[in-house]
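Trainee: structure for the following, please:
(one chain, ligands or ions: 2)
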Amino acid sequence: MTSTHSPLHVVIMGVSGTGKTSAAQYLQQHLGWVYAEGDEFHSEANVAKMRSGTPLNDDDRAPWLASIATWMTEQAAAGHNTLVTCSALKRKYRDILRAATGRVVFLHLTGEKAVLAQRMDSRVDHYMPSSLLDSQFATLEPLGEDEAGVVVDVAGSKDDVAAAALAAVRKFAG
Ligand SMILES: Nc1ncnc2c1ncn2[C@@H]1O[C@H](COP(=O)(O)OP(=O)(O)O)[C@@H](O)[C@H]1O
Ligand SMILES: O=C(O)[C@H](O)[C@@H](O)[C@H](O)[C@H](O)COP(=O)(O)O
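Mentor: Numbers count the residues shown, from 1 in each chain. Ligands and ions are numbered 1, 2, ... in the order given. Down below sits the predicted model:
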């Protein structure tokens with residue numbers, strides 16, 4: 001969608017398995033905004049590290065976050081609102097994304113670890129093992145009160161989560 005307003009970036013964040021990709025695909029279908037899957041911005045080394053069951057560290061994540069922010073800025077320059085999936089676990093990671101041109105808001109998907117582990121284990125062809133959930137939760141810094149965003153619980157069905165996510169984005173988009 002092209003707009004005369006400052007482009008809006010909605011970053012769908014949260015630990016692995018919260019349904020970021022599922023929610024983003026639904027939003028993309030309903031809003032028609034350009035969409036970036038954060039997983040696809042990881043280096044091969046990062047993917048290999050996660051696949052082997054080792055958590056990423058700040059140094060691993062820095063170039064990944066920078067490349068996502070660059071994509072967001074490029075899209076904003078073209079006048080596009082965007083949807084981005086990115087775990088964005090720490091506030092300082094979100095600061096990197098917030099530095100992109102345009103308005104950046106976060107849709108934080110949250111759920112119980114056991115539920116997420118079960119969903120991850122039923123996912124096929126994905127490098128991320130559910131054994132990394134402990135470190136994902138340990139690393140997660142929830143949105144601060146001064147961070148533009150909204151929290152959506154993912155205990156319900158995909159349809160429930162999608163509807164809540166769409167309602168939240170429509171509020172942000174005005
Ligand atoms: N609300 C939901 N209820 C049940 N299963 C879900 C829900 N949301 C996502 N899933 C499933 O859980 C797995 C993880 O979802 P995914 O969208 O890949 O999460 P993420 O991108 O955050 O890692 C996938 O197999 C997906 O189909
Ligand atoms: O910062 C990280 O440790 C990773 O980015 C991680 O948070 C992310 O979740 C993986 O890329 C797995 O991808 P999914 O979130 O799609 O499972």
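
Trainee: got the residues of the chain near ligand 2?
Mentor: Neighbours of ligand 2 within the chain, by Cβ under 6 Å from any ligand atom: 16-17, 20-21, 39, 42, 50, 56, 61, 87, 89, 128, 136. For the C-beta atoms, the positions are set from N, CA and C on the backbone; glycine is no exception.

Trainee: from the residues you listed, which is closest to V151?
Mentor: K20 (13.4 Å; Cβ to Cβ).

Trainee: ok, what's across the strand from the closest residue to that closest one other than its chain neighbours?
Mentor: Distances taken as Cβ to Cβ, 6 or more residues apart in numbering place T85 nearest to K20, at 4.1 Å, with adjacent residues excluded. Here T85 sits in beta bridges with I12, E37, going by DSSP bridges.

Trainee: quick one, what contacts T85?
Mentor: Residues in contact with T85, defined by Cβ atoms under 8 Å, 6 or more residues apart in numbering, are V11, I12, K20, T21, A24, A36, E37, G38, D39.

Trainee: give me that answer again for 7 Å
Mentor: Going by Cβ atoms under 7 Å, 6 or more residues apart in numbering, T85 touches I12, K20, T21, A24, E37, G38.
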